[in-house]
Each structure stands twice: as structure tokens, then as C-alpha cells.
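Asker: Got a predicted structure here, sequence first:
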Amino acid sequence: MFLAGRSSLLEIHLATVLFGLAGLFGKWLVFSPPLIVLGRVFFASLALGTVLWWKRQNLRDILRTQAGLLVLLGAILAVHWGAFFQAIQVSSVAVGLLSYSCFPVFTVLLEPLFSREKFDWRSLSAAGICLAGVLLIVPRFDLADSVFQGVLWGLLSGLSFAVLTMFNRRLVRDYSSLAIAFFQDLFAAFFLLPSLMMMAPAGLAARDLGLLVVLGVVCTAGSHTLFIRGMRRVRARTASIISSLEPVYGIVLAFVFLGESPSFRTLTGGAVIMAAVIFVTLREGARHRD
């Protein structure tokens, strides 16, 4: 049991490393963000569909009862990942990941609007701390500044992911998370098909195609599957705290593979953001008593 528990922790850490690694593809690939996301969701849906077929999972129920919602969530997913890669391309991996990582704070702020719960002052305080961290990252509030642009795109990515999270929490009570991910990726691909018109006539080089396959199969479908496997023996609160390390892993990987060194200002703001995010994660875990 002890070894099984350690194996599950390693699976969640590895999944989080892969989540962080995905950000680097925004620098490795020269395509526009919509094209990168199209490749990502296409190969991810192909991989997840293969897993679902192999497991013989029934997809009719979720498609019959939730088709409209899944289409909407596919569109939101396309916006989320598009904004994420845009943030990284206009600024840096560190700025994109740190501003996106505010999504747990967005989640606790939006939840009362969905569930009619009262706002909690601790959650509002955490949002204020997170905002302070974001302000520390931005050197000047000028739309011509690349860091400011990156932060705005990253915040949009975090906000859209918070909306996805709230809907997915409800769906996962009744349906397989793999099936949910499959249909969201599939519908996101349909929404992004027009972006193919942006591709140069020469099409895809073998290197670019290989990177998109790795991004979709390993960093998306593979990481999602690993995370779910790890959740079997790891508490949700622990998994959430580990997943909040995604910016840390991503920044380290960007330093190793891209030579990106975040500024002291970015690291300071990131530390403040991470403190707020971990506080919110711990508090949500305690509230739900998982």
C-alpha cells in the first residue's frame, strides 16, 4: 500500500511536470496560438478516443444529455489554450504560467455566482494577494509592453480555465473524466479548424508535426490520464497542491531547455501568486473535507 501510494504521488508529479512542459511548445512552435491549439486538441482527442475505445466506455449517455454543454466547453477550452500560448509567445513561459496560475482564485470568486453561496472574506483576501503578485510582475501598465500583454493573456487563460473547472466539477460526478476531456478536445478542434487557413502553403515540417504529436498525446492526453490514475490513492487536496507547482516546473524547464531566466521582479510576483494559490487550495480542501 505504501509503495502504491508513492507511485500515485509520482504519477501526479509527472503529470504536473508535463502540464508545465506544455508551455514550452509556445516557443518551440512558430505557428499562431490557434494553430498550436488545433494540433494539440486534435492529437489529444485522437489519443483519448483510442483509450476510450480500448476500455469500451459508453459515450452515448453523456453525448445525449450534455451535447450542448460539451460544445460550449469545447469553445471555452479553445479560448483557454489559445490565450495561454499567446501569453507565452508575447512574453515568456514564466509570465504566461504565473498569470494563468491565478485560476484557483478566479474559481473561488466565481463559484458563489454559480452556487448562490456568500462571498467569503478569506477568498477575497486571497484574490487581493494574487492581484498584488500580478502587479509586481508587470513593470509598467502599457499595452505596448510585452510583459503586460503576457499577463493580460495569461489572466484570460486562467479565467476561462476557472469557468471550465466549475462546469467540469459537475460533469465529473456523473460521467467519466476521460470522456469529458475527449469531447471537449474534439469540439475545440472543430471550432479551431478555420485556423488552418493561416497555415503557409508549405504545410507542416516533420519537426513541427512531431512536436504537435508530443504536445497532444504526451503533454495533454498522457498527463490527463496520469493525473486521473494518481488520484486513485491520493487525496484531492494533495493532488491540487501538487498541481499548483505547474509554474515552478515550467519555469525550471524553460530555464533548462530555452535558457529563459525570469527576472527578480517576476520571481517575487510569482512567489506572492503561489502563496495565494496554495492558500486557496488548502482552504478549499479543508472546506470540502476530502
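Answerer: Noted; the coordinates are in hand.

Asker: contacting residues for Val213?
Answerer: Neighbour list for Val213: Phe43 [criterion: Cβ atoms under 8 Å, 6 or more residues apart in numbering]. C-beta: built from backbone N, CA, C; applies to glycine.

Asker: Tell me how far His80 lies from Gly210.
Answerer: 24 Å (Cβ to Cβ, to the nearest Å).

Asker: more crowded one of the two?
Answerer: Between His80 and Gly210, counted using other Cβ atoms under 10 Å, His80 has the larger neighbour count: 23 against 11.

Asker: Sticking with the more buried one, tell me its helix or strand.
Answerer: Element membership for His80, per DSSP states H and E: helix 60-90.

Asker: before we move on, what about Ser261?
Answerer: Using DSSP H and E, no helix or strand contains Ser261.

Asker: What pLDDT is listed against Thr165?
Answerer: The per-residue pLDDT reported for Thr165 equals 84.

Asker: So it, which state does it fall into?
Answerer: With DSSP: H, G, I helix; E, B strand; the rest coil as the basis, Thr165 sits in helix.

Asker: All the helices of this protein, in order from the start?
Answerer: Using DSSP state H, the helices of the chain run over residues 2-22, 25-28, 33-55, 60-90, 93-100, 103-115, 121-137, 146-171, 177-192, 206-213, 223-230, 236-243, 246-258, 264-288.

Asker: List the buried residues in the helix holding His80.
Answerer: Neighbour-count burial for helix 60-90, counted by 16 or more other Cβ atoms under 10 Å, picks out 62, 66, 69-71, 73-90.

Asker: highest average neighbour count across the helices of the chain?
Answerer: helix 93-100 (a mean of 30; mean count of other Cβ atoms under 10 Å).

Asker: Contacts made by that one with the rest, please.
Answerer: By Cβ under 8 Å, 6+ apart, helix 93-100 touches 20, 23-24, 26-27, 84-85, 87-88, 133-134, 137, 147, 150-155, 157-158, 161, 246-247, 250-251, 253-254, 258, 260, 262, 266-267, 269-270, 273-274.
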